[in-house]
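Starting from these lines, generate the structure:
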Amino acid sequence: MTTVLSSTFPIQPMLRDKWVVDRRPARNAVDPYRPYAFLVEEECSAEMEVVPVLTVFLTNRECPWRCVMCDLWKNTLIDTVPSGAIPKQIEYALARMPSAQQIKLYNSGSFFDLQAIQKEDYVTIAGKVGRFERTIVECHPSLVSERCLEFRDMLPNQLEVAMGLETAQPSVLERINKKMTLQQFSNAASYLRKNEIDLRVFVLVQPPFMRPEESLHWTQRSLDFAFDCGATAVTLIPTRGGNGAMESLARSGEFTPPEISTVEEAASYGLSLGRGRVFVDLWDMPNRKDTCQDCLADRVTRLKHMNLHQRSIPAVHCSNCGGKS
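So this is what the prediction gives:
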């Protein structure tokens, strides 16, 4: 039987946003006409080829949702950026990065939120990303609508929408303040699939309020659910602290970061399904201090190889910690 950790986090949904915001540190200073980051990384494509992918982290208005685990608000603005600002940000990144085959436009929220990216900018944006084979954007399931189709029709390439499922454990999903149900996620995924828009899904490994001993099971069930919804790719994100709210939950015993072995086992399970690509977000993995330092680098290298080649490889054995991934 699955149990959810009891919580100091408010039961009443109307109080949750304030609880999250009250625990935040200061946000970073950003420029509405510059992306706050951009980089090119290799990724295994839908055609199972390793290709360069440009990710542009757009400076934008803060997401209207206040998910308890989110730290993306740190590089956002209070107000909507002016019309034309988002195309200028994309242009800025394109002029400074090497060529790539795909582009991700990630804006710390939802691409189809009209308070984030104005509709009049769609045509200009579509023109600037036309050189790529695929355009990948993020969106909350509740904002998946005909605007996706309008943007799709402006693009000369394949549109892919990334949505955060986070977890298929319904009680935890409700508790993390995502303001979404599994049925709503499934409905949005069905809409995308019906309209020939590819789906990428984000899954948290060991979100807050979940018992560590149950996290692998629920990550596996979340992978199953994502692929049942038609996902062509799933990214596993080891849940991390750093936003104030998560530190409060850690102090009360309601959150602990996942063991690297849990992440490894979840990735191996996802790849074994053969239902779509499975990636592990390795953003801060090399810098983890709560993991054996003798084997950490080798384990990160293993996960990188699995990301790129979409197959599991032999586990790392460590004589220091006795661990085996």
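
CA only for contacts and neighbour counts going forward, please
Will do.

Any idea how many residues pack against the closest residue to V123 other than its chain neighbours?
Nearest non-adjacent residue to V123, counting by CA to CA, 6 or more residues apart in numbering: M154, 6.4 Å away. Using other CA atoms under 10 Å, M154 is surrounded by 15 other residues.

need the contact list for M154.
M154 makes contact with 122-123, 126, according to CA atoms under 8 Å, 6 or more residues apart in numbering.

out of those residues, which are buried?
Neighbour-count burial (16 or more other CA atoms under 10 Å) is assigned, among the contacts of M154, to 122, 126.

after the helix or strand harbouring F225 comes which helix or strand?
Using DSSP states H and E, the element containing F225 is helix 212-228. Next helix or strand after helix 212-228 toward the C-terminus (DSSP H and E): strand 233-238.

Identify the residues contacting R200.
Counted by CA under 8 Å, 6+ apart, R200 has contacts 160-163, 231-235.

if we go to 10 Å?
By CA atoms under 10 Å, 6 or more residues apart in numbering, the residues touching R200 are 136-138, 160-165, 189, 226-227, 230-235, 276-278.

got it, and L199?
Residues in contact with L199 (CA under 10 Å, 6+ apart) are 136-138, 159-163, 188-190, 192-193, 226-227, 229-234.

the helices in the stretch 201-325 of the chain, which residues?
Ranges of helices in the stretch 201-325 of the chain, per DSSP state H, counting those that start in this stretch, are 212-228, 245-251, 260-273, 296-309.

Mind giving me the packing neighbours of the second one?
Using 3 or more CA pairs under 10 Å, 6 or more residues apart in numbering; DSSP states H and E, the elements in contact with helix 245-251 are helix 13-22.

and the helix it packs on, C-alpha only, in CSV?
Extracted C-alpha coordinates of helix 13-22, given in CSV (Å, rounded to 0.1, in the frame of the first residue of the first chain):
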residue,chain,number,x,y,z
PRO,A,13,-4.8,24.8,-2.0
MET,A,14,-5.5,28.5,-1.6
LEU,A,15,-2.7,28.8,1.0
ARG,A,16,-0.1,26.8,-0.9
ASP,A,17,1.1,29.5,-3.3
LYS,A,18,1.9,31.9,-0.5
TRP,A,19,3.7,29.2,1.5
VAL,A,20,5.9,28.5,-1.5
VAL,A,21,6.6,32.1,-2.3
ASP,A,22,7.3,33.1,1.3
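
of the contacts of L199, buried ones?
136-138, 159-163, 188-190, 192, 226-227, 229-234.

those helices in the stretch 1-150 of the chain, which residues are they?
Per DSSP H, counting those that start in this stretch, the stretch 1-150 of the chain carries helices over the ranges 13-22, 85-94, 122-128, 146-154.

ok now stretch 237-256, how far from the chain's centre?
Centroid separation for stretch 237-256 versus its chain: 17 Å, with CA atoms, centre = their mean, to the nearest Å.
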